[in-house]
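1. got a predicted structure plus its sequence, pasted below:
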Amino acid sequence: MADLLTTSPAPSSSIALSSVDVESFKQRHREVFQPPLLKRYGLLITFILCVVYSLYCWWFFAIGKTLEQANWHIAGSYLADWVSYEARPDVEFEGGYFEITYPRFSPLGDNPKPEWIKTRVSTVTIKDEQSKTATSVAEPQAGISFMAPKKPAQKPTTEPVLNFMAPASSATQDSGSDNSAETIRPPVARQEEKITEVVLTVGDATIKVEGDRVEVAYQGDSLVANIQREQAVIPATSLPAWAVQKRPGEKIKMSFGWAGRAEIQNDEVKINKRFFGWENFWFDTNSKLWPLSGGDRIAAIFGGERLEPTRSNLSLAWEDFLYNPSWQHYDVWLKLLQTIVMAFVGTLFATFVAFPLAFFAARNITPNRFLNHTLKRLFDYFRSVDMLIWALFFTRGFGPGPLAGISAIFLTDTGTLGKLYSEALENIDDRQREGVKSVGANTTLIQRYGVVPQVLPVFLSQSLYFWESNTRSATIIGAVGAGGIGLKLWEAMRTNQDWENVAVNPGDKMTTEMVG
Amino acid sequence: MVVASSEMATVEAHFRELRSRKRLYTWGSVFGLAVALIASLWFANETNSGKFIDRLPHIFDFFGDMVPRDWVEPFRALLDLPSPYDDGSLKFNYPDGRVYFTESIYVPEYFYKMLETLNIAILATLIGFTFGIALCFLAAKNVTTSRWLRFCVRRFMEFLRAFPEIVIAGFFLAIFSLGPIAAIIAVSIHTIGALGKMYFEVVENADMKPDEGLRASGANWFERVRFGIVPQVMPNFISYGLLRFEINVRASTIIGAVGGGGIGEVLRLSISRGHEAKTIAIIALLFCTIVTVDQFSAWLRAKLVGQQAFDFGRG
């Protein structure tokens, strides 16, 4: 700055200072031209300290390493689960034909026939269930009986004979009773209608499963994989960008973007297809109302024929909705109400207790140093023992539930509100009290008319603020067992962590958001 | 006089009517509050796993669980000194938790964990402070003229505040697996939203005369903010930041207890496993730390902004 004054060429219109003037000017305003070192570089030093501290934290928490090991795909699927759900059919290779299975509690119900899975059914020759394993046994070894090895060549047929159950019966075959007809399954080749070709549509991708081949077409590329059943998956073409096979022969993973993903394994093709919306929000698949859709459902609820003879459809619908096992609406509402109640009662009680105590803690209202000090330290104590510890303490005492939460919030807030109230009381205007005192009011009336009107708005706004803030805290302490939505939310999220495929129950989150 | 007294009577009647209406409202709201309170208490008692009256004798069970073998044990646990009762179980394995710096110098486990929790809180406050400052000027009416930008920034900060920390923590715990990073992110996100809101309110209350002077001398937006607004609001910013730091220490402890690392995690583990001496040591350490942090922050705030520091509640 000093340089600026002397060296910068002064415009003709401005005042030009002589060097003597400049010197005296500098002398008079030393603090401006030569500020202390700390003041001059204070900002820079603070900045550098912050950067150094951040670097230290980077090392301390091993942030780089953690970021590297993060499972970012979970984030995607978690976020997607907020507004969508997945159906997960498996196409299992059964040796010549396919079986389409769904996991338990599939959102599509027990025996779905969705439109996006097209199947061709044809008559296939299947061997007996027991002979399934025998197909891999070579011809010359036909006629093995595991349990009765002594009589291996009883039946010199080319059909394989397996007999696990009745070792004797193969020897006593000649007796030819009716029972033996059941126990010795003749190695028949049954003719049955089975699925021989499956075509699935997952978004833009088409997956065709036929014979030992899986053909996938997506984004103009196609992938053909040959399956050696229960042994290997061998891609016949080069893998497109959307497919990954870690080692030759292992499963091939394919991703079709938002629409879903698929996995070709050596005994099945697993498909995850994503749908927009919340699955079975109203009724679970077990409900009698589930199969109905849209208008039919509403019509059925309000005056259709009774689905259950003992009660009306409306009460059935209400019950099925509340106790919907995948969404657990009733439980969520109950827990949510608990959280709100915890915050409400806890803050209200804290206000009731802190209000009178604050008058005794305030120096100017109760001129008793010992009492002031004791109460203030008590407030500090309640505040400093963390809400977490109070929550753990009362959870042990009352058992898990809202009572523990109420007590924890009550004690912590008695401390905080007591402190804030007493500070507000110490800042009041004394003239009103004097006025009330001068007309002969007693101590109680002085407080009532001289003090309370001044501080009441402050008290109320602080209490209301804490009510809001405690609703949030109640959610958190709930997670350690002090009642409310916290634990439920936490469990929902934690179980999904281990089980990445399970959808997060978005209802929990939405409802908590509304509280927060 | 007759006329006047009838008018007086009208005024009187009106006053009485107003007074009785006010009383009705007062008692009505007291009654409503009482009903809500009783209903709430009944509900809480009904849905609790133990009933209030039944459990009242057990209220100090927590302390019953916390009686150590002898009263030197908590100190041994705190300082990671070997215990005479060491039987190889987790209960008395105090020296196992030592964090060695060199061959012989170590930090006791719980001090290290406390440091971790404090670091979570400091880092989160620092992040919140930085981004809060960056955002608050864009949300303040007197600094940012674009109504659209202000609206967006304010809604964004509300969005950050809206999620309970536990939801954010749960989400990031899934991504990063258990550990303090999720806690840092969760606390930071909340801090950005909370501090940003307080800061833009402070900026809106700033004196605009310095700004006017800078504007008259042709300063650009950045210079106006830097030299006109920041010097005025900085003490308040730091004061609120410290207040937030106090809250964040507590928040990171609690998030630690649900998987976010730090002292909260060891506290929960030691309570659930019934390790009395360890529990006492941790609670004592936590208590002392919180008291120290609060006192330090109160002292610093009083130095920075004087009595004004105590006029506000927690953020």
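-> The structure has been received and is ready for your questions.

2. which stretches of the chain have low pLDDT?
-> You didn't pick a chain, so chain A it is. Judged against pLDDT under 70, the low-scoring parts of chain A cover residues A:1-14, A:104-107, A:109-111, A:127-188, A:494-516.

3. I was thinking of chain B, sorry if that wasn't clear
-> Segments of chain B classed as low confidence (criterion: pLDDT under 70) are B:1-4, B:306-315.

4. how far off centre is the longest helix along it?
-> Determined from DSSP state H, the single longest helix within chain B is helix B:2-47. The chain centroid and the centroid of helix B:2-47 are separated by 37 Å, computed with Cα atoms, centre = their mean, to the nearest Å.

5. does that helix reach chain A?
-> Yes: applying Cβ under 8 Å from any Cβ of the partner chain, one finds helix B:2-47 touching chain A at B:33, B:36, B:37, B:40, B:41, B:43, B:44, B:45, B:47. For the C-beta atoms, the positions are set from N, CA and C on the backbone; glycine is no exception.

6. now name the helix or strand holding the residue of the stretch 151-300 of chain B found nearest chain A.
-> Across the stretch 151-300 of chain B, no residue is closer to chain A than residue B:170, which sits at 3.7 Å (Cβ to the nearest Cβ). Secondary structure assignment for residue B:170, by DSSP states H and E: helix B:165-176.

7. show the subsequent helix or strand relative to that helix.
-> Moving toward the C-terminus from helix B:165-176, the next helix or strand (DSSP H and E) is helix B:180-204.

8. what number of residues lie near the residue of the stretch 151-300 of chain B closest to chain A?
-> The local packing count at residue B:170 equals 28, with neighbours defined by other Cβ atoms under 10 Å in any protein chain shown.

9. what's the spacing between the spatially most central residue of chain A and residue A:380?
-> Closest residue to the average C-alpha location of chain A: residue A:493 at 3.4 Å, with Cα atoms, centre = their mean. With distances defined as Cβ to Cβ, to the nearest Å, the gap from residue A:493 to residue A:380 amounts to 35 Å.

10. just residue A:318 next, same as before
-> Between residue A:318 and residue A:380 the distance is 50 Å, computed by Cβ to Cβ.

11. for those two, indicate the residue with more neighbours.
-> Summary of the neighbour comparison: residue A:318 and residue A:380, criterion other Cβ under 10 Å, with residue A:380 having more neighbours (18 against 13).

12. what residues are up against that one?
-> A:415, A:419, B:291, B:294 (Cβ atoms under 8 Å, 6 or more residues apart in numbering or on different chains).

13. could you dump these to CSV with secondary structure?
-> Formatted as CSV, the contacts of residue A:380 follow (DSSP: H, G, I helix; E, B strand; the rest coil):
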residue, secondary structure
A:415, helix
A:419, helix
B:291, helix
B:294, helix
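
14. may I see those residues arranged in CSV, with distance to residue A:370 and neighbour count as well?
-> Listed next are the contacts of residue A:380 as CSV, based on distance: Cβ to Cβ, whole Å; neighbours: other Cβ atoms under 10 Å in any protein chain shown:
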residue, distance to residue A:370, neighbour count
A:415, 19, 23
A:419, 18, 21
B:291, 21, 15
B:294, 22, 19
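
15. tell me the one of those residues nearest residue A:307?
-> In terms of Cβ to Cβ, no member of the contacts of residue A:380 lies closer to residue A:307 than residue A:415, at 55.9 Å.

16. grab the nearest non-local neighbour of that closest one.
-> residue A:382 (3.0 Å; Cβ to Cβ, 6 or more residues apart in numbering or on different chains).
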